[in-house]
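>>> here is the input, now give the coordinates:
(2 chains)
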2 protein chains.
Amino acid sequence: MNAPHIDVEQVEAANTAFYEALEQGDFETVSEFWLTPSDLGIDESFHDPADAGVVSCVHPGWPVLTGRGEVLRSYALIMANTDYIQFFLTDVHVSVTGDTALVTCTENILSGGPAPEGGDELGPLVGQLVVATNAFRRTPAGWKLWSHHASPVLAETEDEEGEDTPA
Amino acid sequence: MNAPHIDVEQVEAANTAFYEALEQGDFETVSEFWLTPSDLGIDESFHDPADAGVVSCVHPGWPVLTGRGEVLRSYALIMANTDYIQFFLTDVHVSVTGDTALVTCTENILSGGPAPEGGDELGPLVGQLVVATNAFRRTPAGWKLWSHHASPVLAETEDEEGEDTPA
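Here you go, the predicted model:
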């Protein structure tokens, strides 16, 4: 195990690189960032009752996706429907405990879909305020994503003591 | 470490008990379920660059809350504004890797706020479809919550191969 500050630097770098791969539409790199049970030395030919290393993913407004098949298919779908996407990450916080790291961050997203009716131009750009919790796991090949949960920010953030408290 | 299926049972039981404490408005039990660095044997009087065991929480539509102070204050606020809340958990999935467990579940929520204008009757009941990712950490006092991220389900779930793929 590394010194704590080295762990934090490596986790932050992995988190940043994951979003860069999304921006570049680099499906292969995105896939490599998602944990596989074999990254943890688990023999995938046997049933593991603990489902160790089984990944899950929630995109903003989506239900839960479980397992590499569903998760990676969702990225392929999103990439096919997104011509342009940029993430400005703010409020990045890392908590490393043993071999697991949790990263929370605000994804300030600017994205554009394909032009309607198959035209030449880019679709309209849309801004989204999204927060994410990313769970990373330490592996011999670096920190890998075990879980990603992203959700739209709908409440006001200015006045946390206000009366508008959605349950 | 227990056998894998025992771990899964214990994590599921902790997850269920956490939601029951919320239903009962039992702030003390809710507080006890949230991890403290001292649960991990960390001396909280020194600054830990890895922020090991520092908790985070995202309520549906909310920004990220970090640290026990912010997180527990949010539950106090929600409880003060909720006269009735019930969680019907479905699609519960547990993945245990070492001393960390991730639980994903659908929270089918039925809740009611106080009556408007301080009347005697319960406010109107509201149904919400929410998905959650809960990260638990193994401690000598049982599995404790390290992170909770809940978000509203806005997309259609029937046809995952459809064209409506919010990014």
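
>>> listing partners with orientation, what would you give for whichever strand or helix holds residue A:57?
In this structure, residue A:57 sits in strand A:56-58 according to DSSP states H and E. Partners of strand A:56-58 in the sheet, by DSSP bridges, are strand A:65-66 (antiparallel), strand A:142-152 (parallel).

>>> could you list the residues in contact with it?
A:64-67, A:70-71, A:74, A:146-151, B:93, B:95, B:102, B:104, B:131, B:133, B:149, B:151 (C-beta atoms under 8 Å, 6 or more residues apart in numbering or on different chains). Backbone N, C-alpha and C define where each C-beta goes, glycine included.

>>> could you identify the buried members of the residues you listed?
A:64-66, A:71, A:74, A:146-151, B:93, B:95, B:102, B:104, B:131, B:133, B:149, B:151 (16 or more other C-beta atoms under 10 Å in any protein chain shown).

>>> about what we covered before: let me have the strands paired with strand A:56-58 in CSV, extended by mean pLDDT.
Output for these, formatted as CSV (pLDDT from 0 to 100):
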stretch, mean pLDDT
strand A:65-66, 98
strand A:142-152, 98
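
>>> any chance of these in JSON lines, with distance to residue B:44 too?
Formatted as JSON lines, these follow (distance: least, C-beta to C-beta, whole Å):
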{"stretch": "strand A:65-66", "distance to residue B:44": "35"}
{"stretch": "strand A:142-152", "distance to residue B:44": "25"}
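
>>> to residue A:50, which of these lies closest?
Closest approach to residue A:50 among these is made by strand A:142-152 (13.0 Å; C-beta to C-beta).

>>> next one: that closest one to chain centre, how far?
Strand A:142-152 sits 4 Å away from the centroid of its parent chain (C-alpha atoms, centre = their mean, to the nearest Å).

>>> check stretch A:94-103 too.
Worked out by C-alpha atoms, centre = their mean, stretch A:94-103 lies 15 Å from the chain centre.

>>> is it anywhere near chain B?
Yes. Stretch A:94-103 is in contact with chain B by C-beta under 8 Å from any C-beta of the partner chain, via A:94-100, A:102.

>>> just among these, which is most surrounded?
Ranked by the number of neighbours (other C-beta atoms under 10 Å in any protein chain shown), the residues of stretch A:94-103 next to chain B place residue A:96 first, at 28 neighbours.

>>> report the beta-bridge partner residues of that residue.
residue A:101.

>>> hang on, it packs against residue B:53?
No. At 9.7 Å, residue A:96 does not count as touching residue B:53 under the criterion of C-beta atoms under 8 Å.

>>> what's the angle from the helix or strand encompassing residue A:8 to strand A:142-152?
For residue A:8, the element it lies in under DSSP H and E is helix A:4-23. Counting by axes from the mean of the first three to the mean of the last three C-alpha atoms, to 10 degrees, helix A:4-23 lies at 60 degrees to strand A:142-152.

>>> packing partners for helix A:4-23?
helix A:27-33, strand A:84-97, strand A:100-114, strand A:122-139, strand A:142-152 (3 or more C-beta pairs under 8 Å, 6 or more residues apart in numbering or on different chains; DSSP states H and E).

>>> most tightly packed of these?
strand A:142-152 (a mean of 24; mean count of other C-beta atoms under 10 Å in any protein chain shown).

>>> angle of that one against strand B:100-112?
10 degrees.
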